[in-house]
Structures are given as structure tokens and as C-alpha cells.
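S.K.: one predicted model, sequence on top.
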Amino acid sequence: MAVDEARLVELMRRVVAEEQVATPWEAALTFVDPDQMAALNAEHRGIGQPTDVLAFGADDGSAPRGTDEPRLVGDVVICPSVAASNAVAQGNPVDDELALLVVHGTLHLLGYDHIDDADADKMEHREQELLAQASAMTERAGAEAGSR
């Protein structure tokens, strides 16, 4: 399925910037099919079926490195097919679901989690803040482009 990769990469950049990760940094955003996601999910979580998003953190920022050496934040892997199924089941646009998964996965890389209710509430609140900011920026950019 078609994915607006550039838009989602920019969203990942915004999340990392809003979370005040010192630059330079490096992360990967990868889109895979259900078979690839099922294999990753089985290997890393012991669940032999595809999921919507997996996040693999690399460097929590504490590792020593030179001033020009990037922090390796990690990898976010998304299965657009699963995301699309979830979006349809919840009555949401697929693009919104993909954006949520990018924000969710990126926050995982930066130390957020949802193991207990308090952490889940904190993470969900931050996701909604970041998605609202991204939406507002997109709307402003569209309005500026339309006024030219």
C-alpha cells in the first residue's frame, strides 16, 4: 500500500525535536509487509503474528560520543497493512493511524512506555499533544501554500 514516507519521516523528526534530543541524532523508519512484521514480532516478542508497530531502541543518550557523532536513537518498524486494518476497525483515516504509530514508536525509542496505567496515560497524553502540534503545522503550511 502507498505510504507518504516523507511526511512520516518529517513527523518523526518533529517528535525527536520536541522531545529535545540533542543533535546530531539518527533513527530509522521502516515499512514492512505482514510476513516481515510477523517474523520480527516472533523473533523479538515471541508472538508469531504481525503487529502494527515495533520499536527497537539503540542508545538512550548516555553513551559517550564525540560532538559530531550522532546519537543512534533506534528503529521504528511499521506494518501499513495492519495499521490500515486497525484504522478501518476504529473508523479512523489510515493516514492518522500511521501518524499515531510513528509518534508512538518514536516515543518508545525515547524512553516512554505503557506497562502500567500511569505510564500509559503519560505516553498517550504526549502522543496526543505531538499529533495536535503536527496537525496544526500541516494546516498552517496548507493555508500558506493556498494563499500564494
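M.R.: Arrived safely, thanks for sending.
S.K.: so what secondary structure elements neighbour the least confident helix or strand in the chain by mean pLDDT?
M.R.: For the chain, using mean pLDDT, DSSP states H and E, the weakest element among its helices and strands is helix 117-146, scoring a mean of 83. In terms of contacts (3 or more CB pairs under 8 Å, 6 or more residues apart in numbering; DSSP states H and E), helix 117-146 is packed against helix 5-18, helix 94-109. (C-beta placed from N, C-alpha, C; glycine too.)
S.K.: relative to helix 117-146, how tilted is the longest one?
M.R.: Put plainly, it is helix 94-109. If you take axes from the mean of the first three to the mean of the last three CA atoms, to 10 degrees, helix 94-109 sits at 130 degrees to helix 117-146.
S.K.: return the angle between stretch directions for helix 94-109 and helix 5-18.
M.R.: 40 degrees.
S.K.: excluding chain neighbours, what is closest to E26?
M.R.: The shortest distance from E26 to any non-neighbouring residue, by CB to CB, 6 or more residues apart in numbering, is to P70 (4.2 Å).
S.K.: residues near the one you found, how many?
M.R.: For P70, the neighbour count with other CB atoms under 10 Å is 14.
S.K.: give me phi/psi at it?
M.R.: In terms of degrees, to the nearest 10, the main-chain angles of P70 are phi -70, psi 150.
S.K.: pretty sure it contacts P24?
M.R.: Yes - here P70 reaches P24: they are 4.1 Å apart, a contact under CB atoms under 8 Å.
S.K.: mind saving the C-alpha coords of stretch 101-114 as PDB?
M.R.: What follows is stretch 101-114, C-alpha atoms only, in PDB (Å, rounded to 0.1, in the frame of the first residue of the first chain):
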ATOM      1  CA  LEU A 101       2.200   4.800  15.000                       C
ATOM      2  CA  VAL A 102       5.200   6.900  14.100                       C
ATOM      3  CA  VAL A 103       4.700   9.100  17.200                       C
ATOM      4  CA  HIS A 104       4.100   6.000  19.400                       C
ATOM      5  CA  GLY A 105       7.100   4.100  18.100                       C
ATOM      6  CA  THR A 106       9.400   7.200  18.300                       C
ATOM      7  CA  LEU A 107       8.300   7.900  21.900                       C
ATOM      8  CA  HIS A 108       9.200   4.300  22.800                       C
ATOM      9  CA  LEU A 109      12.700   4.900  21.400                       C
ATOM     10  CA  LEU A 110      12.900   7.900  23.700                       C
ATOM     11  CA  GLY A 111      12.000   6.000  26.800                       C
ATOM     12  CA  TYR A 112       8.200   6.200  27.000                       C
ATOM     13  CA  ASP A 113       6.300   3.100  27.800                       C
ATOM     14  CA  HIS A 114       2.800   1.900  28.700                       C
END
